[in-house]
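Student: return a 3D structure for these sequence lines:
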Amino acid sequence: MKEADMTTALSNTQLAYLQSLRRELHQSPEISGEEAETAARITQELTRAGADRIWTGLGGHGVAAEFWGRQDGPTVMIRCELDALPIPEISQAPYRSRVDGKGHLCGHDGHMVMVLGVALALKTRPALGRVILLFQPAEETGAGAAAVINDPRWPELRSDFAFAYHNVPGRPLGEIGLCQGVSNCASRGMKIRFDGKTSHAAAPEDGVSPALVIADLMQRLPLLGPGGEMGDDFALATLTHAQLGEASFGIAPGAGELRMTLRSQTDARMARLVQEAEAQLARALAKAAEQAGDVSGSVTWHDVFLATVNEDSALAIATRAASSLGLSTVAMRHPMRWSEDFGRFGLDGAKAAMVFIGSGEAQPQLHNPNYDFPDGLTPIGVALLVEIVDQLLAEQGDAHPAPKILQLSDVPND
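Tutor: Prediction:
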């Protein structure tokens with residue numbers, strides 16, 4: 001990189017373009033497994049940025065770009081997410097979602113443009129090794145990372161280091177959160193289907209109703225995970241849905257469904273929680289058989305997220321990068337309760353770290369219908385990721401000076 005260009009990761013013109021692109025993506029959200037148009041737009045931008053190689057259709061609609069250094073060295077992956085949420089957006093912004101019932105209400109639109117910002121900065125980087133920029137599908141369902149890793153082309157992309165981050169409402173704008181060990185909890189959805197036999201509402205005794213077993217489990221299952229203080233034994237079981245019979249006055253119910261979300265700080269605790277939940281179901285079904293007839297119950301598991309665990313050396317690199325930029329940092333005492341499938345890349349062999357970046361103390365919570373990624377985070381996120389790359393892939397004694405963090409407040413807004 002020429003000496004005159006070393007003081008900034010990106011120019012104000014580039015940041016203004018990323019802001020415009022972020023709002024374009026925000027208008028056209030695609031949920032997990034449906035990200036075809038988003039992936040095509042990202043591919044277009046990576047081609048324009050001069051990527052040495054691009055993979056498409058990874059694990060579904062995933063996209064990855066490769067940037068080679070001048071000499072051999074480690075491979076560093078920067079990962080972000082393509083998918084939006086099946087939640088209607090409530091916003092008066094001119095760039096609000098144009099798709100009924102869907103919205104970028106988790107900030108993945110912002111994550112994408114920050115990683116695209118890294119692509120722009122990589123035009124003359126790295127000196128060593130290579131950088132992989134991964135735009136992963138289906139993070140919201142927990143299926144995307146596993147699907148990418150299971151793609152037959154994944155060995156071509158496998159990395160020595162992997163980094164990702166997520167914006168965090170309720171924290172000061174641009175504050176970098178660093179969590180040693182577990183950074184995100186494990187979670188999974190438990191769907192229980194009950195089947196008995198319907199009857200006329202005037203003769204319920206001639207049917208087999210799952211009402212008693214459902215009522216029993218609605219009280220017992222949440223007790224398996226009361227929440228409370230974070231730690232290795234933390235467990236939370238949240239009832240999210242219950243349905244019994246049909247919306248009718250003439251039919252005694254013969255079927256029903258319960259949905260629970262199980263959450264734990266560690267995968268080992270999750271394994272125990274799953275066993276305990278299945279044991280409670282078996283006991284409830286046996287009890288119902290004695291009282292109300294033989295009700296069958298079947299369990300299926302959905303949205304399975306493993307715990308995300310930060311590797312010490314990768315976290316140290318991210319910490320040094322934030323420090324060299326003069327960013328405000330906080331050592332987090334506890335992991336996030338919400339889940340991330342990024343942890344699978346660490347289990348695949350990469351030294352991985354998930355970093356958090358505050359998106360404003362007054363910002364609506366993630367998945368709220370009025371959430372919107374703050375564009376002021378873009379220059380901070382790009383600078384941090386570029387500095388992480390430099391920490392690992394700059395030539396010995398030739399690391400770039402820490403880039404000045406330009407402010408989007410200097411860029412005209414529409």
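Student: where does the stretch 201-350 of the chain have low pLDDT?
Tutor: Along the stretch 201-350 of the chain, segments meeting pLDDT under 70 span 292-293.
Student: need the helices for it, in chain order.
Tutor: 211-224, 267-292, 312-324, 343-347 (DSSP state H, counting those that start in this stretch).
Student: run through who's touching the third one.
Tutor: Counting by CB atoms under 8 Å, 6 or more residues apart in numbering, the neighbours of helix 312-324 from elsewhere in the structure are 161-163, 176, 178-180, 329, 351-353, 355, 384, 387-388, 390-392, 402. Using the backbone N, CA and C atoms, a C-beta is placed for each residue, glycine as well.
Student: straight-line length of stretch 66-73, end to end?
Tutor: Length of stretch 66-73, first residue to last, CA to CA, to the nearest Å: 14 Å.
Student: closest one to T56 among the helices of the stretch 201-350 of the chain?
Tutor: Among the helices of the stretch 201-350 of the chain, the nearest to T56 by CB to CB is helix 343-347 (19.2 Å).
Student: tell me the gap between that closest one and the middle of its chain.
Tutor: A distance of 13 Å separates the centroid of the chain from that of helix 343-347, by CA atoms, centre = their mean, to the nearest Å.
Student: does anything pack onto the next helix or strand after that helix? Which helices or strands?
Tutor: Where DSSP states H and E defines the elements, the next helix or strand beyond helix 343-347 is strand 351-358. Under the contact criterion of 3 or more CB pairs under 8 Å, 6 or more residues apart in numbering; DSSP states H and E, strand 351-358 touches strand 161-168, strand 176-178, strand 181-184, strand 308-310, helix 312-324, helix 343-347, helix 378-393.
Student: tilt between the fifth one and strand 161-168?
Tutor: Same thing as helix 312-324. 60 degrees (axes from the mean of the first three to the mean of the last three CA atoms, to 10 degrees).
Student: buried stuff in helix 312-324?
Tutor: Buried positions in helix 312-324, judged by neighbour count with 16 or more other CB atoms under 10 Å: A314, L315, A316, I317, A318, T319, A321, A322, S324.
Student: that helix to strand 351-358, inter-axis angle?
Tutor: Going by the same axes, to 10 degrees, helix 312-324 makes 40 degrees with strand 351-358.
Student: ok now helix 312-324, how far from the chain's centre?
Tutor: Helix 312-324 sits 21 Å away from the centroid of its parent chain (CA atoms, centre = their mean).
Student: repeat that for the last one.
Tutor: Its chain's C-alpha centre lies 20 Å from the corresponding centre of helix 378-393 when counted by CA atoms, centre = their mean.
Student: check which helices and strands it sits against.
Tutor: Right, helix 378-393 is packed against helix 12-27, strand 71-81, helix 108-121, strand 128-136, strand 161-168, helix 312-324, strand 351-358 by 3+ CB pairs under 8 Å, 6+ apart.
Student: what's the domain layout of the protein?
Tutor: Split into domains by automatic domain parsing, the chain comes to 3-184+307-410, 188-305.
Student: tell me which of these is the most buried.
Tutor: Mean neighbour count (mean count of other CB atoms under 10 Å) peaks for domain 3-184+307-410 among these, with a mean of 20.
Student: skipping adjacent residues, who's closest to the residue most central in space within the chain in space?
Tutor: By CA atoms, centre = their mean, the chain has its centre lying nearest to E340, at 4.3 Å. Closest residue to E340 apart from its sequence neighbours, by CB to CB, 6 or more residues apart in numbering: N184 at 4.2 Å.
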